[in-house]
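In: Compute the structure for the input listed below.
(2 chains)
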Amino acid sequence: MRFRFSTVPIDAAVARRELLDRSAGGYVSFEGWVRDHNEGLEVKRLEYEAFQELAVKEGERIVAEALARFPVKHALCIHRVGALELGEMAVWVGVSSAHRGEAFDACRYVIDEVKHRVPIWKKEHYVNGDSGWVNCERCATAPRHSHADHSHADQGHDHPQPTPVSD
Amino acid sequence: MSTPDTAELPRVRGLVLAGGASTRMRRDKAALPYAGREQLERACELLARHAADIAVSVRAEQATDPRRARWPLIVDSVEGGGPLVGIRSALAADPRAAWLVLACDLPFVTDHVLAQLLAARAAALAADPATLATAYRSAHDGLPEPLCAVWEPGAAAPLAAFAAAGGHCPRKFLARHPTRLLDLEDARALDNINTPEEYGAALRTLAGAPVNPMRLKIQYYALMREQAGRSEESLEIAVATPADLYRELATRHGFTLPREQLKVAVNGDFAEWTRALRDGDAVVFIPPVAGG
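Out: Predicted coordinates:
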């Protein structure tokens, strides 16, 4: 599986072993961390929830797309679900490749697509006692975009200004 | 025991006839949408529920058409044209299988129509193993309807002889050979659609058709789970599409997200809002995502 969920802290040192390859000259990884603020509010902790059956399917499709688009050796993405504290790793992407350029490109592709397409939701709990589902509650009253014109191929939610906590 | 042992009957494979020229329609009949879904896809999915597997019958020049190439193809392998060639090519491709044939311009055919046909076929073969086909009797002229019918392996040789003698009409063939005929419960079930006018009328008929209640499983995530106050529910509900279902449930549960901001998944993968829902489907509404 090249996309999976974890209910326990992600161990990047273990995950990168799956990318080792003697024909690879290096590897690029991205870690998304839980940040202490978002859109002017102080964040205390957050929760991730996923529709795992479809999320794994879509995540696998994204990694397969990255492997098809860029001449890289291996790619892997691991996403946390459940309750996370500040500073914890929410998502990890790793790509190994013969040369660095395409490894950076493929890694960037995977994290960007995962954020827009995979059915994962994030609930922020704020220091002031409020909480909210990112991209859902504010856009429920002030829609910033429409999905109505998406083609079948573009299945993802495309928020022009995503406001993630991690990264 | 007098019960026919269906395991001994030739296996039934599904054949969607999509080789027509669509001359009178002036556009590809396989591509005509009904309730948002193309007829070829509707016909394939319908047949797949009743046959061991399915294939699409095409002319050689259609073999690379992406709409048809989504499915296994049986390309015309004998001389001539028309539906008889498609049926003969399938019988040649798999001489041991029976073929449940369905033309792709029959938008009113239902699961019930095919189930009745297959039940009659099993009974007919038990009574007379020489039966070459099982078909409906036309509600219009009483003749066999060859394009929603089961063709047995034994029909291959008589069909070749019929064609060699200049025959090309499958209705005439069935009328002259051992065919089990049954009557339609719904007289319009096999009405075919050949012109833009007939297509328009079919759309109106289908839109006005009463929707039967079905059992659906709905799962909720994130904000919608909180607003619904549950993570899933099983409902007996009369809706045609996910769009109808969302309208109904938004009222019931007070969902705040407009449908335009959601995606929908049916049976574990993304789906169109206009696709036809079926009994037993699992539906998930997907609010704007926020991974990473």
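In: Isn't B:Ala69 up against B:Ala63?
Out: Yes - with contact defined as CB atoms under 8 Å, B:Ala69 reaches B:Ala63; the gap is 7.1 Å. (Glycine included, C-beta is placed from N, CA and C.)
In: Could you grab the helix/strand/coil label for B:Leu125?
Out: helix (DSSP: H, G, I helix; E, B strand; the rest coil).
In: try B:Ala276
Out: Per three-state DSSP, B:Ala276 ends up coil.
In: Is there a neighbour count for the nearest residue to it once chain neighbours are set aside? I'd like the number.
Out: Distance criterion CB to CB, 6 or more residues apart in numbering or on different chains; nearest residue to B:Ala276, sequence neighbours excluded, is B:Ala35 at 5.4 Å. Residues lying near B:Ala35 (other CB atoms under 10 Å in any protein chain shown) number 15.
In: Pull up the per-residue confidence for B:Ala35.
Out: Predicted confidence (pLDDT) at B:Ala35: the value is 79.
In: now do B:Val239
Out: 85.
In: Assumed it was part of a helix.
Out: No - under three-state DSSP, B:Val239 falls outside any helix and is assigned coil.
In: Which residues are in contact with it?
Out: B:211, B:214, B:216, B:245, B:248, B:277 (CB atoms under 8 Å, 6 or more residues apart in numbering or on different chains).
In: Give me the subset of those that lies in strands.
Out: Those of the contacts of B:Val239 mapping onto strands are B:214, B:216, per DSSP state E.
In: Among the contacts of B:Val239, name the buried ones.
Out: B:214, B:216, B:245, B:277 (16 or more other CB atoms under 10 Å in any protein chain shown).
In: Which part of the stretch 1-150 of chain B gets nearest to chain A, residue-wise?
Out: B:Gly36 (11.3 Å; CB to the nearest CB).
In: Relative to chain A, how far out is the closest residue to that residue other than its chain neighbours?
Out: Distances taken as CB to CB, 6+ apart put B:Thr274 closest to B:Gly36, at 2.7 Å, once the chain neighbours are dropped. Here B:Thr274 is placed at a distance of 12 Å from chain A (CB to the nearest CB, to the nearest Å).
In: Let me see the contact set for B:Thr274.
Out: Counting by CB under 8 Å, 6+ apart, B:Thr274 touches B:35-37, B:241-243.
In: most neighbours, which of the residues you listed?
Out: B:Pro242 (27 neighbours).
In: That one and B:Asp281: what is the separation?
Out: Between B:Pro242 and B:Asp281 the distance is 9 Å, computed by CB to CB, to the nearest Å.
In: Pull out the buried positions in stretch B:54-66.
Out: Using 16+ other CB under 10 Å as the test for burial, stretch B:54-66 gives B:54-59, B:62, B:65.
In: Widest-spaced pair of those?
Out: B:Ile54 and B:Arg59 (18.0 Å; CB to CB).
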